Each structure stands twice: as structure tokens, then as C-alpha cells.
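In: need a 3D model of the following:
(3 chains)
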Amino acid sequence: MEAFLHQVLSGLATGGIYASLALALVMIYQSTNHINFAQGEMAMFSTYLAWNMINAGLPYWWAFLLTVTISFAAGVVIERVIIRPVENAPVLSVITVFIALLVIFNSVAGWIYSYTIKTFPSPFPEQPLFGNRFISSHELGTIGVTLAVLVALYAFFRFTPLGLAMRAAAQNATSSRLVGIRVGWMLALGWGLAAAVGAIAGMLIAPIVYLEPNMMSGVLLYAFAAALVGGIDNPFGAVLGGFLVGVLENVVGAYVVGTELKLTVALVLIVGVLLVKPTGLFGRVFVTRV
Amino acid sequence: MLGLLVLLAAAVALPFVVSNYRVFQFNMVLVYAIVLLGLNMLTGYNGQISLGHGAFYAIGAYAAAILMDHFGWPYWATPPVAGALCFVFGFLFGLPALRLSGHYLALATFALAVAMPQILKYKRIEQWTGGVQGIVIVKPDAPFGWKLTPDQWLYLFTLAILVIMFVLGWNLLRGRVGRAITAIRDHPMAAQAMGVNLALYKSLTFGVSALYTGVAGALGAVVVQFVAPDSFTAGLSINFLIGIVIGGVASISGAVYGALFIQFVPNFADQLSKAAPWAIYGIFLLAFVYLMPTGVAGFVRLAWRRMRGAKGREEAIVPRGADS
Amino acid sequence: MALLEVENLFAGYSAQNVLREVSFSVQQGGITAILGANGAGKTTLLRAVSGMLRRQGSIRFGGEPIDRISTESIARLGVAHVPDGRGTFLDMTTEENLRIGAYSRKDRQAVAEDMDRMFEYFPRLKERRRQQAGTLSGGEQQMLAVSRALMMRPRLLLLDEPSFGLAPLVVQDIFRIMRGINAQQGVSVLLVEQNAGLALELADRAYVLETGQVVLSGTAAEVGSNESVRRAYLGF
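Out: Next up is the predicted model:
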């Protein structure tokens, strides 16, 4: 029983990370109808930047803040410079661009930082809270940070004019232009936010899976699964999906398939959802016009 | 036609004029060309984007390895089996994939590619797959005591298979079938309204595409002389995508250009740094998408047409330019 | 003084031109109607003014050329376009739809007052202010679309077939409000309508569009008393 509880709680912690990444994916999907295959590698690269700063002596939370800011800016730039030219190109071109980004980020990270595994510090204490045996402080902290980020994003989109404009641009670009919204910049901001959220996710998972250029590929797969389970165009769904997938991964991995086939679990989830209910638990059904 | 024959003659002469290592490299070019033709059928001509063809390649490779190592089969009997096996898998994967398109299909196939190494390392099938170490294969000698090195013989063997598969593919693509599958890519609903059985064609295309990749996988396994899970990561599938984008989507000659690129550029770039090949790939990919969306094949076709004036010969299937 | 001056406009969706050599104007504080049957190019005309498609020719707004700038820049200059299909943000609430109309404005106090005014014009919207806009009826969405445009405090209002698919009472309401804001706030209006009778009642100038070209122009009275217009568009 105790072990099970630990698996569930630990699953919630990694689930929070999947939720954050899934949210980043959904944000980009909602505004552009594209799936950002490079989301994981961007997050990984951001984490390396943070590692660099911490190694240079910067205190953790300063490095954290700086990394998030730089990632935000980078996301904006990438959208404007690299994605914008293919905004209306055929799907294959767009996917190729995303794959190119994936490949570039991965290889540049390997080039600069080499492939040796590095440790990434956790800002949370070593000892578990109240000495409990179910959840480590890092895991608890992860859940906390994830929830804080999600609440902040929710508030931003729901209550601020900019958030409203971004939602409008994602839902109906034409109508948005007609009220004077600069849709292109809204897309760029969306990318910036996604990159920032990705950076946070990367920094939270690095202490667990250790920092190396390929650390995010499995995580990304789970984030995809989470986004699909929740509904690729539904932010709440993405979050719920994330926690669900996190717990499932641990439980299925511990009691059913064994930890070696964890990625296959993600694969089965992805294919399964796409087959049975492509709109996910909370997504919207779209009718194609002839 | 003349140009093709000249090319073929040059290809046949090649193994006798270059070093053994180069023969090995060009052999891999041939293998990749078969893969890329298969992938092009699916993604270029039929519009179904696959980021998971590395998985089919792996299945073909492991099929060959297991047949040779566990059952003592001769190398030349493995490609047909690998192809048939992959056809079945491809067709089966294509059936549910019917409901997916664009990004979703790319995502599902990408998931397959990422999960593949783990599946290949799975302890419960280790006795067949050799686990993390994989399986070692013995390179065959030339038959009938012919005075060829194993590499030379294998190269010619691969070349023969490539020619057969290219001719088959070309025939397929320029006839009714080819028109049907490009119609499905460009106007799926209109095609369906005109009586094209969407489900059947799409799944069959998936199957045939996988078949080609499986055959290539089997050949590749023999050429490289071993199979191991880490040879078949998502990077391989990405490599294949790079191949068709740079070579030229929806083009047969593109398969060859692409194969040359993915075989030689990494070797070239490796000298800079271990990570460099992929960075260069990425930059090339971007450059091609922005500047040359129809790939090298498209560029060659354009240059050819310009040189011959208006009388250039068109391919039976006009590829839909990536900027339409 | 013409607020909107269009000369020799050519516009279309792909290589084909839908509009050819179209010239018209909207006076400062005036209401101009564009009449024509289905397919005449009326919607294309409004989209050309808003920069939503390929266009050539001279389009001047308040004396400044706007034929090369983006849709959002044109909107920010004070042109509010109520598109065909209404362009409602279906997944947002009624109130959010109104708020988004005021996005590029800086005068918060006035925005709040304007929102109240919209609810006065259209009490039905006030009832449904927190409802998802996609659940509103056609007439209510039209009211919402017009209100959203008005929330921009525009100088020029472009209306694409406001009467389309609406009950007569609702149409009367909308037209009455149009007349009101034109008279009281000096908002100029460019109105595209299939319902010629209604349009001519409201407008002071009118143009008739047939297969992409202007075939008749004049004051609303002149156009309304033209024999062929009466026969073709007014049912006489």
C-alpha cells in the first residue's frame, strides 16, 4: 500500500511536469494548429543555459528567472523568424521545420555541453517534508511550482486584456485582425510563453532524470500523450491529462509492464487516444467542410 | 533513357574502381535509396507523413538477422520475407492511421520511432533479439566462386534489387495507381467521390511503403553485419525524413539524391564534431524548406527544363510543389 | 469631404479579379449603400477596403492611402468591419466579445461607458452577457457583431449584409440604432445589402454593383427612383 501511494504521488510529480509541457504544446496548437515537435529540445536547451549560469556561480532562483526570461524571448524570436515563413505552407514543410529545430537544438546542446551526463540541482531540500516516506521534497516542490505556473497562466488568459487578445487570435485570426489585434505578434507571444513554460519543466525534471541532451525525448512523448488524452485544444484537459499520464506511467510501469517498456506505454496511449477518441477527454470535435 | 543507362553502367562499374570502404558506403546509399523510395510513396505521393519509418527498417533488419542467425537462412532469402513482414505491419498500422492525418499521423509515427529501441531491448524477447547487444551477422561471400570481394558482391546484389524495386515502383506510380494515390493526397474527398477506395489505397500504400523499407532494412543489416537496438532510434526516422525532403518529395530520382546526402554528409561533418552532423542537417533542412521546397530533384528538373527550353520531358506524376 | 475614397479598385481572391475599376466614396458623417445581387462582389468590396485580400487601386481613408497596409492597421485607424458570417468569437462570452472590440483603445473609462451603452441598445445582449457567444441566436450574434464593432469607437463602420437571415423586427432594431449612431456620433457607414429597400431608406448615397463593376451611382433617392433598379432590386 505504501509503495503504491509512493508511486501515485511520484507520478503526480512527474505528471505535473508532463502537464506543463502539455500545456505548452496546447498553447501552440491552439494558436497555430501545429504540434511543436521541438518543444522538448527547446526545454532541454533552456535547462543547459540554467546549468551554465548556476555553474558560473549564480544563485539558483536568479538563474531560474533569467533562464525563463531568455527562453521567453527566444520563443518569440523563433516564431517570428523561423516559423512565420512557413505559416501557410503545406503540413510536410511545417513538420520538417519543427524537426529541423528539434535536431538543431539537440545537436548544438551536444556540441557545446558534450553528451556526458550532468547533475542539475534542485532548489528544494534533501530531506522529505516532515520526514514522510511517500514523497520527496523535490517532488512536492515540483507539484507546487507546476500548480503555481498553471494558476498564473489561467489568470493571465482569463483576466488580462493581452490574454484575452491572445485567446482571440488563437480562436479566430480574421476577426481578431478586424478589431486591430496584431495576430502575428500574438502567435509570437504564445511561442514565448510556451518556451518559458518548457524551460520551467526542464529545470524541474533535470534533477530527476539528469541533464543530458536526450533527456527530454521520453518526457516529450509523455507530454504528447497527455495533451492528446486531455484534448489537444483544451488547456485544462492538457493539465489533467498530464497528471493522469504521470500516475499511469508509474503504476503501469511498476505493476504491469515493468519499467523498461515505459515509452511503449506512452506510444500505446498516443495511438489509442488517436484511434478511439482523437479529441481527447475534453476536446472539441471539428467537422471538415467539403 | 540514355542517361539512366549511363548511370546504371557507372553504378555497376563503381565497386571495381573504388576502395572497399567506399563500396560499403555506396552500398548503404543504395539501401537508403530503397527506403526513401518507399517513404516517398507514402509521404510524397500519398501525403501521409511518417516520422516512424525507422521502425519498419528495424523490423526488416531484425527479421533478416533472426532468420540468418537462429534459423540459418541464406542472406538472399531474407529480403522477401522482411518485405512481406513489413508489408503486413505497415498495412496494419495504416488501417488505424486512416483516421489520422497531418500532424496527428506524424505524432503517432514519431511515437513509434521513439519507443522502438526500448521495445527491441525488451527482456522477454531477448532470446530472439539478442537484447542490448543485438545480433551479429556474417557477411556472405560471392556465389559460384566469383572473384568478387564480399563487399563488391553485396553491392551488386543490392543494386540488382534496387533496380527491380525502382522499376516496379515507377510503373506503379505512373499508372492508375499513382494517379489515385496523388489524388488522395491533393483532394481526398473528391477522390473518394469519384470512386477511389480511400481506405484501401491508403493502407496499401502504407503497406507497400513499409515493404520497401523492410527490404532495405534486411539488406542494410547484412551490409552492416549486425543489428542492435540503438541503431534504430528516432534519429533514423528523422534521417529518412531529411532524405526525402532534401532529395525531393514525390520524386523517384529524389530517393537517390537523398540517399547520397544522408550517407555522406554525416561522414563529412563528423570531422568537425560528433554533434555537428545533426546541426548541419537541421540547417540544411531549414534552407531546403525555405529555398528549395521541391528538393534537389525539383531543382534538377527545373534546371533541366530551362536548359532544354520548353521541350523538357515531364514525369508522369507532376509532384505537388511544397509551396502550393 | 470624403472619409473613404476608393478609385479604380481591382480586387480578387486568386489570379482572377472579382472587382474591376470600382470607384465609390463615403462622405464624412454619411451613409453609403452598395446594392447588388448575390455574387456581385459586395462582400469582396468590403474585404478589399479592410485589406483582407489582394487589391490594386487607390483606397484613401481620411486622406491617407490604406491600400497597402494590413487589416489590423486599417482597423486601428478607425475602420470597424462587421463581416459576413458575423465573425463572432464563439468560445468567448458575450461580454468578452465586447471587451475584445475595445482592445486597441486606451480610454478605459469610456470603454466601460460604451459597454453600458451597447447593453442599452441591445438589452438581449445584457441578459446573455456571461453566456458563451456561440450559444446566441443568429439575431443576437448580429447584434453582438455590430456592438463589437461599435466598441472600437470607429470613424467608419463597414456592414456586410446586416439584415441577412434576421427577423424583420431585429433588422429594424439594428437599422434604427445605425441611424442613431450616425446622427448622434457622426459615425460614417458603408453598408452592403441585398435588401435594397432597407438600404436605400437608411443611406444618403448609393451604388449598384453588378458582376464586379459599378453600374449606377447617385443619391439614395436618385438610385431608388431609377426604373431598372426598381424592377431588379425593389420588386416593382
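
In: pop out the phi and psi values for C:Glu5.
Out: Torsion angles at C:Glu5 (phi, psi; degrees, to the nearest 10) stand at phi -130, psi 110.

In: what's the neighbour count on C:Gly165?
Out: Using other CB atoms under 10 Å in any protein chain shown, C:Gly165 has 11 neighbouring residues. C-beta: built from backbone N, CA, C; applies to glycine.

In: sorry, that was for A:Gly75
Out: 28.

In: the strand or helix carrying it near chain B at all?
Out: Take DSSP states H and E as the rule and A:Gly75 turns out to sit in helix A:60-78. No - counting by CB under 8 Å from any CB of the partner chain, chain B is not contacted by helix A:60-78; separation bottoms out at 11.4 Å.

In: helices or strands next to that helix in the packing?
Out: Packing partners of helix A:60-78 (3 or more CB pairs under 8 Å, 6 or more residues apart in numbering or on different chains; DSSP states H and E): helix A:39-55, helix A:183-209.

In: quick one: A:Ala168 and C:Phe89 touch, right?
Out: Yes - judged on CB atoms under 8 Å, A:Ala168 makes contact with C:Phe89 at a distance of 5.7 Å.

In: mind checking how far the residue lying closest to C:Met151 once chain neighbours are set aside is from C:Ser73?
Out: Leaving aside its chain neighbours, C:Met151 sits nearest to C:Gly101 (3.2 Å; criterion: CB to CB, 6 or more residues apart in numbering or on different chains). According to CB to CB, to the nearest Å, C:Gly101 and C:Ser73 sit 17 Å apart.

In: which one's more surrounded, these two?
Out: Set side by side, C:Gly101 and C:Ser73 show more neighbours around C:Gly101, with 29 against 15, by other CB under 10 Å.

In: which element is A:Leu263 on?
Out: helix A:262-276.

In: any part of that helix near chain B?
Out: Yes - for helix A:262-276, a contact with chain B is found by CB under 8 Å from any CB, at A:262-264, A:266-267, A:270-271, A:274-275.

In: and those residues, which two are furthest apart?
Out: A:Lys262 and A:Leu275 (20.6 Å; CB to CB).

In: interface residues of chain A facing chain C?
Out: A:161, A:164-165, A:167-168, A:171-172, A:174-183.

In: filter these to the buried ones?
Out: Those of those that meet the buried threshold are A:164-165, A:167-168, A:171-172, A:175-183, by 16 or more other CB atoms under 10 Å in any protein chain shown.

In: so which of those residues comes closest to chain B?
Out: A:Gln171 (18.6 Å; CB to the nearest CB).

In: tell me where the stretch 151-290 of chain A is predicted with low confidence.
Out: A:283-290 (pLDDT under 70).

In: now B:Leu7: how far from C:Arg76?
Out: For B:Leu7 relative to C:Arg76 (CB to CB), the value is 59 Å.

In: comparing the two, which residue is more hemmed in?
Out: Ranked by neighbour count (other CB under 10 Å), B:Leu7 and C:Arg76 place C:Arg76 first, with 18 against 12.
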